[in-house]
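>>> coords below, sequence missing:
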């Protein structure tokens, strides 16, 4: 039986594909029922299918026992660091940034960050300082934020008190 995915997700007339060189594309065969469930969840959650898969994978990771979750998170960090180095070795320490936003505290906005490539830099301006990092840095240094319910569900995570690990990203 042929699956719905041979090399790419089949698209109807309204869908478009963005082939971003920074964003890996997963091409795996899945059962028709799985494709239908993903489409239904995408509509229900009002998110693209890729974001639904990210949300499900993050929720699964949170449900794992701590040692297993820690091991997978460590592998993810290593992979993101390698991707970052392969895509743009000169990006580290760059003063250029793709996007910036202001907030009353150090705040991470999912829709802004997730739209970036691993080496794209974002900047958060707060009353206590300006912080700049790449998406890969964010995933590496703030894995708790990426896995938090607030970030996953509400699309925003902010700190009441500035965490010490943010200091390495202070630019002003």
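That came through, no problem. Values in this document were obtained by computation on a predicted structure and should not be read as measured data. Numbering: from 1, shown residues only.
>>> Please make it C-alpha for all contacts and neighbour counts, starting now.
Noted.
>>> mind listing the helices in the protein by residue range?
With DSSP state H, the ranges of helices along the chain come out as 32-45, 49-63, 66-87, 110-114, 135-141, 143-146, 149.
>>> Would you single out the least confident of the ones you listed?
In terms of average pLDDT, helix 66-87 trails the rest of the helices of the chain, at a mean of 79.
>>> And it, what does it pack against?
Judged by 3 or more CA pairs under 8 Å, 6 or more residues apart in numbering; DSSP states H and E, helix 66-87 is in contact with helix 49-63, helix 135-141.
>>> switch to 10 Å and redo it
For helix 66-87, the packing partners by 3 or more CA pairs under 10 Å, 6 or more residues apart in numbering; DSSP states H and E come out as helix 49-63, helix 135-141, helix 143-146.
>>> Relative to residue 78, how far out is the residue nearest the centre of the chain?
Residue closest to the average C-alpha location in the chain (CA atoms, centre = their mean): residue 114, at 4.3 Å. According to CA to CA, to the nearest Å, residue 114 and residue 78 sit 18 Å apart.
>>> and if you look at residue 107?
Distance, residue 107 to residue 78, using CA to CA: 24 Å.
>>> What about the nearest residue to residue 133 once chain neighbours are set aside, how many residues nearby?
Nearest non-adjacent residue to residue 133, counting by CA to CA, 6 or more residues apart in numbering: residue 121, 5.3 Å away. Per other CA atoms under 10 Å, the neighbour tally for residue 121 reads 25.
>>> same thing with residue 109?
By other CA under 10 Å, the residues close to residue 109 number 15.
>>> State the distance from it to residue 124.
10 Å.
>>> so what sits against both of those two?
Contact criterion CA atoms under 10 Å, 6 or more residues apart in numbering; residues shared by residue 109 and residue 124: residue 101.
>>> check contacts around the nearest residue to residue 165 once chain neighbours are set aside.
Spatially, and ignoring its direct neighbours in sequence, residue 165 is nearest to residue 141 (7.3 Å; CA to CA, 6+ apart). Residues near residue 141 by CA under 10 Å, 6+ apart: 77, 133, 165-166.
>>> ok, and the most crowded of those?
residue 133 (24 neighbours).
>>> from what I can see that residue touches residue 120, true?
Yes: the pair residue 133 and residue 120 qualifies as a contact (CA atoms under 10 Å) at a distance of 8.3 Å.
>>> Could you count how many residues lie near the closest residue to residue 53 other than its chain neighbours?
Leaving aside its chain neighbours, residue 53 sits nearest to residue 38 (7.9 Å; criterion: CA to CA, 6+ apart). Other residues within reach of residue 38, judged by other CA under 10 Å, total 17.
>>> Right, I'll leave it there.
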